[in-house]
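[1] Give me a 3D structure for the following:
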Amino acid sequence: MNRRQFNLTALAGMVATQAPVPAFAQLGALKMMIPANPGGGWDQTGRALGAAMQAGVPLRVSTPVYQTLLDTVPANLDPQKRAMTLEHLLTMTAGFNCDEDDPTSADEDQMNNQDSIVDWVRHTLDVRLISAPGEKIFYCSAEPNVAAGMLARVAAEHLPEMFERLIARPMHMQGYHVGLTPLGEAYGGGGHRFRPRDFLKFAQLMVNEGRWEGKQIVSREWARQSTSPLRDFTPKLHWGYLWNAGDYQYQGRSVHAFWAGGNGGQVFMGIPELDLVIGFTGGNYNDRVRYSVPDSVLSVVR
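    Residues are numbered from 1 along each chain as shown. Here you go, the predicted model:
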């Protein structure tokens with residue numbers, strides 16, 4: 001690609017297994033590379049949904065959750081749950097109790113640590129709501145997992161196979177790992193592993209407005225909406241469809257950025273205005289992820 005790509009890999013105590021390569025290489029466009037172990041970990045539900053919709057799967061952000069996933073919707077179903085849509089799941093505003101200290105919640109660690117919970121999607125559907133859908137935003141990985149369950153049900157296809165067919169193969173991804181739930185389905189909330197060079201392609205795909213090598217993987221509208229600041233986590237940190245969004249200072253002006261951030265320091269960012277993607281991985285698990293590296297990178301981009 002003739003784009004400026006920065007693949008900055010923070011090893012954070014991890015040992016690289018590849019043969020050494022030059023830290024800096026000038027190949028037409030500026031590239032900075034540091035060898036790294038395979039990295040990744042952020043969920044790919046948003047890209048899979050966008051690709052499936054582009055391929056004709058009859059799913060929309062307005063699709064109701066419970067009416068899609070349940071064979072029979074109980075007459076006494078909570079009206080707030082009845083009103084829940086796919087968009088609420090993608091924007092983390094579904095309202096499920098996701099308290100990490102509550103064993104009855106939809107917290108992913110709570111589900112993973114209880115052998116009695118096998119169907120994570122159904123368990124989440126049964127969890128009580130602590131706010132009405134669309135009212136508040138809470139980070140809850142179980143919500144994109146329910147979205148993945150909707151996709152699998154409507155498409156009637158095993159999600160790892162769909163991901164390979166619609167995304168991985170046309171984007172030339174190799175050696176990746178998709179985490180599974182106890183039922184053998186792809187977990188839609190994270191835990192996947194990709195090589196840094198492949199993970200970087202997701203940010204590049206969004207910068208390209210959904211196109212890869214001339215093929216429209218996800219629609220232009222999906223790429224734009226996914227990376228837009230649709231909801232606010234904080235005054236400066238925003239959320240789209242499973243992408244973080246925010247602004248950075250560049251040469252005296254503000255530029256919009258979007259990124260996927262995962263536990264340990266996995267951050268892959270796109271800045272469309274600069275035609276720029278940035279990626280770095282790390283092993284600082286359960287430490288607060290900080291985004292100071294893009295500031296440092298932008299200070300040297302010309």
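[2] how about the closest residue to Trp239 other than its chain neighbours, what does it touch?
    What sits nearest to Trp239 in space, not counting adjacent residues and going by CB to CB, 6 or more residues apart in numbering, is Arg231, at 4.6 Å. Glycine gets a C-beta too; all of them are placed from N, C-alpha and C. Arg231 sits next to 91-93, 137, 238-239 when contact means CB atoms under 8 Å, 6 or more residues apart in numbering.
[3] cool, and Thr124?
    So Thr124 contacts 96, 106, 111, 142-143, 145-146 (CB under 8 Å, 6+ apart).
[4] 10 Å - rerun?
    Thr124 makes contact with 65, 69, 89, 94, 96-98, 105-108, 111, 117, 140, 142-143, 145-146, 149, 189, according to CB atoms under 10 Å, 6 or more residues apart in numbering.
[5] follow-up on the earlier one: can you put the contacts of Arg231 in JSON lines and add secondary structure, neighbour count and pLDDT?
    JSON lines is the format used below for the contacts of Arg231 (DSSP: H, G, I helix; E, B strand; the rest coil; neighbours: other CB atoms under 10 Å; pLDDT from 0 to 100):
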{"residue": "Thr91", "secondary structure": "coil", "neighbour count": "20", "pLDDT": "97"}
{"residue": "Met92", "secondary structure": "coil", "neighbour count": "22", "pLDDT": "97"}
{"residue": "Thr93", "secondary structure": "coil", "neighbour count": "23", "pLDDT": "98"}
{"residue": "Ile137", "secondary structure": "coil", "neighbour count": "19", "pLDDT": "98"}
{"residue": "His238", "secondary structure": "strand", "neighbour count": "21", "pLDDT": "97"}
{"residue": "Trp239", "secondary structure": "strand", "neighbour count": "22", "pLDDT": "97"}
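[6] Now for Val57, how many residues are close by?
    Residues within reach of Val57, counting by other CB atoms under 10 Å, total 18.
[7] For the contacts of Thr124, which PyMOL command selects only the ones that are buried?
    To isolate the buried ones among the contacts of Thr124 in PyMOL, judged by 16 or more other CB atoms under 10 Å, type:
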select buried, resi 65+69+89+94+96+97+98+105+106+107+108+111+117+140+142+143+145+146+149+189
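[8] Can you list which of the contacts of Thr124 are found in strands?
    Among these, none falls in strands (DSSP state E).
[9] which residue of the protein sits farthest from its center?
    Taking CA atoms, centre = their mean, the residue of the chain most remote from its mean C-alpha position is Ala75, at 34.1 Å.
[10] just the helices in the stretch 1-150 of the chain please.
    Assigned by DSSP state H, counting those that start in this stretch, the helices in the stretch 1-150 of the chain fall at 45-54, 65-69, 79-82, 86-90, 108-112, 120-126, 142-155.
[11] so which of those helices gets nearest His172?
    helix 45-54 (14.9 Å; CB to CB).
[12] Cheers, nothing more for now.
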